[in-house]
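Undergrad: Sequence first, predicted coordinates after that:
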Amino acid sequence: MQTNTAEQGKEQGKQHTVVIVGGGAAGISVAASLHKRDSTLDIAIIEPAHSHHYQPGWTMVGGGIFKPETTSKPMASVMPGFASWYKQTVCSVDELNNQVTLADGSVIGYQALVLAPGVELNWAGIDGLKEALGSNGVTSNYQEGMASYTWKMVQSLKTGRALFSQPPMPIKCAGAPQKAMYLSADYWLRNGALKNIDIQFHNAGAVLFGVPDYVPALQSYIEKYGVELNYQNNLVSVNGPSHKATFRRTKATRAAWFLKAKQLPGLYWHVMLKGHEWMAKPARRSV
Ligand SMILES: Cc1cc2nc3c(=O)[nH]c(=O)nc-3n(C[C@H](O)[C@H](O)[C@H](O)COP(=O)(O)OP(=O)(O)OC[C@H]3O[C@@H](n4cnc5c(N)ncnc54)[C@H](O)[C@@H]3O)c2cc1C
């Protein structure tokens, strides 16, 4: 696909009808949808990344179904040709004057602004997690490039305890933590290891899945794989070398909190999310 890459170098006074911040699944879908409705629209996409990732595929990589390389494409190959592409990061939004400022100081004007920068992964939200990730059996399919390590661990775990955890909302995909668990459990079942593995699911939420219609089917897999369910159990810290995870348990009232620690030979973890800081400030938003 041919892309109308905007001139690199500092831009001043450039103006587009629609400016889209972020060229992920959301930004590119919005651009395509707008263009389909009105092909005369002057659309710009501001996106600094060189690669575009198909993130749902990372679950499949963690389950040994997809090769990691099938989940990423060069950004240039997915950027629509009708859009002007600024390979830059947006640092601030001046909504009073309808303009955004880019990392190199360029200022781009818009009539309509679409913010689609995704969400930031809040690794620091769980004590010790950042340091623990990628070794000692601590992994996350949410981390770019780490699903291969998940798959390696799934194959090597023959006995012991495997923890799968899901943080409170918002998370990127409400199904991803459970999908990782079912794919792993199925591998262990097919390879005769399941009877030797204590699988636990620790969900910060109070139910197996937020859409009741799906729960009976999911429950049947919980029983099939012998998964121990733990609701309202939130991972608060991880110690990789000692293979320990600490959960904070809360009842619906949020009145009673208590901590408990678990020993784990194999650990899968979840991720907490946060919004972009540059979007959090009112009026003239900046980092
Ligand atoms: C492991 C996993 C499994 C998933 N499974 C599913 C599934 O089965 N089904 C489903 O529907 N969804 C699933 N999802 C969720 C889905 O992948 C995301 O919802 C989707 O990718 C979000 O797209 P997005 O464009 O909003 O954000 P992203 O894909 O994160 O894209 C945001 C883009 O904005 C850019 N950006 C960020 N900040 C700036 C800035 N300041 N200036 C300019 N650009 C910026 C980034 O570089 C990035 O390219 C899964 C996600 C994960 C991680």
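TA: Sure, I can see it.
Undergrad: all strands for the stretch 151-287 of the chain, in order.
TA: Along the stretch 151-287 of the chain, the segments classed as strands by DSSP state E, counting those that start in this stretch run 160-166, 197-203, 228-231, 233-239, 244-250, 257-263, 266-268, 273-274, 284-286.
Undergrad: Settle this for me: residue 230 is touching residue 204, isn't it.
TA: No: taking contact to mean Cβ atoms under 8 Å, the distance of 9.9 Å between residue 230 and residue 204 leaves them out of contact. All C-beta spots, glycine's among them, are computed from the backbone N, C-alpha and C.
Undergrad: Give the residue from the two that has the larger number of neighbours.
TA: Neighbour totals were compared for residue 230 and residue 204, and residue 204 leads with 22 against 18 (other Cβ atoms under 10 Å).
Undergrad: Whichever residue of the stretch 101-250 of the chain sits closest to the ligand - nearest residue in space that isn't next to it in sequence?
TA: Using Cβ to the nearest ligand atom, the single residue of the stretch 101-250 of the chain nearest to the ligand is residue 118, 2.6 Å away. What sits nearest to residue 118 in space, not counting adjacent residues and going by Cβ to Cβ, 6 or more residues apart in numbering, is residue 24, at 5.3 Å.
Undergrad: What are the phi and psi values at the one you found?
TA: Residue 24 has phi and psi values of phi -80, psi -160 when expressed as degrees, to the nearest 10.
Undergrad: how close does it sit to residue 248?
TA: 32 Å (Cβ to Cβ, to the nearest Å).
Undergrad: ok, now residue 86?
TA: Distance check for residue 86 against residue 248: by Cβ to Cβ, it reads 43 Å.
Undergrad: Look at the two and report which has more neighbours.
TA: Higher neighbour count among residue 86 and residue 248: residue 86, with 27 against 15, using other Cβ under 10 Å.
Undergrad: Pull up the residues of the stretch 51-200 of the chain that are close to the ligand.
TA: 55-56, 58-59, 89-90, 116-118, 141-142, 172-173, 175-176 (Cβ under 6 Å from any ligand atom).
Undergrad: Are any of those buried, and if so which?
TA: Applying a neighbour-count criterion of 16 or more other Cβ atoms under 10 Å, the buried members of those are 55-56, 58-59, 89-90, 116-117, 141-142, 175-176.
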